[in-house]
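J.: One predicted model, sequence on top.
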Amino acid sequence: MNSIQHIIIDDTLNKVSSPAFSNYLCHAYCHSGFCILQRNGKTFRFGQGCCMIIARRGDLVKIVETSMDFSVDVIYVTQEFIELSTPQSNYGMRGQFALFNNPVIPLTPQQQEVCKLNFEAVKRRLSQMSHLFRHEALINAVQCMIIDFFDFHAQLYGTDKISSQSRELMEQFIDMLERGNFRRNRTIGYYASSLCVTPKYLSEVSKKISGMPAAFWITRYTALDISRLLRDRSLSFTAISDMFGFSSLSHFSRYVQTNLGVKPSDFRE
């Protein structure tokens, strides 16, 4: 496996859920066979001719099954390098929300060739250790890959325009959730106040960009984090309940059953 500080090349998905890779975005292309994975409480089939982008919460990914002939190319890129390489386009914000719900993108034969060429370009630039402008060349190669991923995704879902103001607001909102603020604050009012907007406006922007209101994302992040912690048998239900500031264990149990559809104990059976 070749690596530099910000880019890692691999030929398996074994590291996608590793805590050590929590700051990396996973970009994968399937050459043959298939892989069944679970993410965000959903099951996906990642098969031949598809690309996959896992942009957030790789720790929530679970590989369920892989076929004997499964062959994949994987490029892990740190969030910092992605931000450095991402073109000046607001489409990335809309795309990442769609990918949160479905990280797999089926590609046409022509798109498959483009994707493979992009992966090879990143690998080639990564191996050119004596290139005097290797860092700049890598940025260019990753940016080309990102632009083509934008195109693959937009061909499926359209290209609705997003204002810079709305994108910035949504980024700040999601950043608060990524930092775990939902563990103690699960009301829209808290986030809206922190961002100096009204709850109605925050929900409207969220719905326009992601297709879902702000409350959905607060609940989604909370439920996914709780489900991850419930699978850790070293943590008691009371300890998890306390982490999220629930007033009682019964209140915590009702929340889990309402939002995850099962009792807390069901995660450990």
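T.: Ah, there it is.
J.: if I pick A214, what's in contact with it?
T.: F173, I188, Y191, A192, P199, L202, S203, S206 (Cβ atoms under 8 Å, 6 or more residues apart in numbering). Backbone N, C-alpha and C define where each C-beta goes, glycine included.
J.: List the contacts of stretch 172-190.
T.: Outside stretch 172-190, the residues touching it (Cβ under 8 Å, 6+ apart) are 56, 191, 194-195, 199, 202-203, 206, 214-215, 217-219, 221-222, 225, 243-245.
J.: just to revisit the earlier point, drop anything exposed from the contacts of A214.
T.: F173, I188, Y191, A192, P199, L202, S203, S206 (16 or more other Cβ atoms under 10 Å).
J.: Determine which two of the residues you listed are furthest apart.
T.: The span of the buried ones among the contacts of A214, defined through Cβ to Cβ, is set by F173 and P199 at 11.5 Å.
J.: Which of the contacts of stretch 172-190 fall within helices?
T.: Secondary structure defined by DSSP state H assigns 191, 194, 199, 202-203, 206, 214-215, 217-219, 221-222, 225, 243 of the contacts of stretch 172-190 to helices.
J.: Name the nearest of these relative to T66.
T.: So of the ones in helices among the contacts of stretch 172-190, ranked by how close each gets to T66 (Cβ to Cβ), first place is D225, at 26.7 Å.
J.: what's the burial count for R134?
T.: Using other Cβ atoms under 10 Å, R134 has 15 other residues around it.
J.: how close does it get to V74?
T.: Distance of R134 to V74, given as Cβ to Cβ, to the nearest Å: 21 Å.
J.: So for the buried ones among the contacts of A214, which is the shakiest by pLDDT?
T.: Ranked by pLDDT, the buried ones among the contacts of A214 bottom out at S206 (90).
J.: buried set for the one helix or strand F252 maps to?
T.: Following DSSP states H and E, one finds F252 within helix 249-260. Within helix 249-260, the residues that count as buried by 16+ other Cβ under 10 Å are F252, S253, Y255, V256, L260.
J.: Wait, the first one touches F246, no?
T.: Yes - in this structure, F252 is within contact of F246 by Cβ atoms under 8 Å, at 4.1 Å.
J.: mind listing what the closest residue to S210 other than its chain neighbours touches?
T.: Spatial nearest neighbour of S210, chain neighbours left out: F97 (3.8 Å); criterion: Cβ to Cβ, 6 or more residues apart in numbering. Contacts of F97 were listed using Cβ under 8 Å, 6+ apart, and they are I209, S210, G211, M212.
J.: In these, which residue is surrounded by the most others?
T.: I209 (23 neighbours).
J.: After the lengthiest helix in the chain, heading C-terminal, what element do we hit next?
T.: Longest helix in the chain, counting residues (DSSP H): helix 134-157. Note on helix 134-157: by DSSP H and E, the next helix or strand toward the C-terminus is helix 164-178.
J.: Export that following helix to CSV, keeping only CA atoms.
T.: Written as CSV, here are the backbone C-alpha positions of helix 164-178 (Å, rounded to 0.1, in the frame of the first residue of the first chain):
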residue,chain,number,x,y,z
SER,A,164,-22.9,30.5,-1.2
GLN,A,165,-24.8,31.9,1.9
SER,A,166,-27.0,28.8,2.1
ARG,A,167,-24.0,26.5,1.6
GLU,A,168,-22.0,28.2,4.3
LEU,A,169,-25.0,28.0,6.7
MET,A,170,-25.5,24.3,6.1
GLU,A,171,-21.8,23.6,6.4
GLN,A,172,-21.8,25.3,9.8
PHE,A,173,-24.9,23.4,10.9
ILE,A,174,-23.4,20.0,9.9
ASP,A,175,-20.1,20.9,11.5
MET,A,176,-21.9,21.4,14.8
LEU,A,177,-23.5,17.9,14.4
GLU,A,178,-20.1,16.4,13.4
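J.: quick one: buried residues of that helix?
T.: S166, R167, L169, M170, F173, I174, M176, L177.
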